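# whatever this is, show me its structure:
(one chain, ligands or ions: 1)
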Amino acid sequence: MARIRTIKPEFFTSADIVALSPLARMLYIALWCEADKEGRMVWKPKTFKLRYLPGDGCDVEALCEELVAHGLVRLYVEGLAWIPSFTRHQHVNPRESASDLPAPEDQKPSLPRKVGKSTREAVFERDGYACVRCGATDGLTIDHILPQSCGGPHIPENLRTLCRTCNSARPVSGDGLKEDLARDGHTIETLRVKFGIDASISDMHAQVGKEGKGKEGKGKEERVEARASRFALDSLPADWEDFCRQERQDLDPFATFDRFRDYWRSVPGAKGRKLDWLATWRNWVRNERADRPKAKQSPDEVAAEAIRLMEQRDAQARAA
Ligand SMILES: [Zn+2]
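Model (predicted):
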């Protein structure tokens, strides 16, 4: 079963991809759709030809060998293959079913994107099933003290129980975050040291400033203006995902994030700069239209349509 995958703009200019022949590049992308959530697949070059290159006169075995020779695909045990960079580049929908193929020996387990069930339960229990800020016992969520978008890990020391209201009131960046952490006696620096996080990650997010409203003079406004930044996240942070799931159960957070990111990256100039990207995300999620299932076309219909278009193009070329 093929799956929807994402492709980053930098793919086309990365050195290992530029070195490939055009059809091998095409096949490599197709194999992402073929691969399961761990990047593993059954290695069937003839089937790949029918599925992904139906109208091309090409030697699919040679294309497959090219991908293996470049280290983009690795064969392991009899008849299986995996894509080593897969889990680094794809953010896979957590609802996608688990791999039923064995793990290659040298594949490191992928890092969980979400807090595990047992960790969640342990944190709720430790905190007495109540919001640690206001004591509410309804609508409890797991909060990352140092937000995940700043590199905060899914470990109990960085997690606590907050009610939905207290959680969504927390700023996740800039001065707002610093003030919020100070309420509990933390600073970004001490948490960073405590959790062993690379400073460059935290700094990038800390600079995406969030300022309190209504107290700024002219000078402060200018300073704030200077600190707005363009959208820089590649994948959906867990706290953003949690917000989307809580607020809008009808949306797929990953597909929504892809639209959000593509939109904001394409907005030029000052309009594409924001002080608080989390707030922008919240508004986007609240206003996003519901995901509607599209009319399904079978792979054969899609291939037939592609062949029809190619024949049309060939006929036009002959006529010209
Ligand atoms: Zn609360």
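# which residues of this structure fall in strands?
Counting by DSSP state E, the chain has strands at residues 40-42, 74-76, 80-82, 140-144, 159-163, 229-230, 273-274.
# any chance of the ones you listed in TSV, plus mean pLDDT, mean neighbour count and distance to A19?
For the C-beta atoms, the positions are set from N, CA and C on the backbone; glycine is no exception. Formatted as TSV, the strands of the chain follow (pLDDT from 0 to 100; neighbours: other Cβ atoms under 10 Å; distance: least, Cβ to Cβ, whole Å):
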stretch	mean pLDDT	mean neighbour count	distance to A19
strand 40-42	94	18	22
strand 74-76	87	15	17
strand 80-82	92	21	19
strand 140-144	92	22	40
strand 159-163	94	22	43
strand 229-230	82	16	30
strand 273-274	82	18	36
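# mind checking which of the ones you listed is nearest D100?
Nearest of the strands of the chain to D100, taken as Cβ to Cβ: strand 40-42 at 9.1 Å.
# centroid residue for this protein?
With distances taken as Cα atoms, centre = their mean, S235 lies nearest the centre of the chain, 2.9 Å away.
# OK, contacts around that residue?
Contact analysis of S235 by Cβ atoms under 8 Å, 6 or more residues apart in numbering lists 91, 257.
# just the pLDDT for it.
pLDDT for S235: 83.
# same check, this time on H89
H89 is assigned a pLDDT of 75 by the prediction.
# now do the one 5 residues further on
P94 carries a pLDDT score of 77 in this model.
# residues near it, how many?
Neighbour count of P94, defined by other Cβ atoms under 10 Å: 12.
# report the separation between it and W82.
20 Å (Cβ to Cβ, to the nearest Å).
# what do you get for K8?
Distance from K8 to W82, by Cβ to Cβ: 20 Å.
# swap in N167?
37 Å.
# residues of the chain that sit close to the ion?
Residues of the chain found near the ion, taking Cβ under 5 Å from the ion as the criterion, are 131, 133-134, 136, 163, 166.
# quote the end-to-end distance of stretch 165-176.
Start and end residues of stretch 165-176 are separated by 16 Å (Cα to Cα, to the nearest Å).
# when you give positions from now on, start the count at 11
Right, with 11 as the first residue, what we last looked at is stretch 175-186.
# name the residues of it that come out as buried.
Buried residues in stretch 175-186, counting neighbours by 16 or more other Cβ atoms under 10 Å, are found at 176-178, 180-184, 186.
# quick one, helices of the stretch 211-330 of the chain?
228-237, 248-257, 263-276, 287-297, 309-329 (DSSP state H, counting those that start in this stretch).
# buried ones in the longest one?
Pointing back at helix 309-329 there. Here helix 309-329 shows A313 as buried, counting by 16+ other Cβ under 10 Å.
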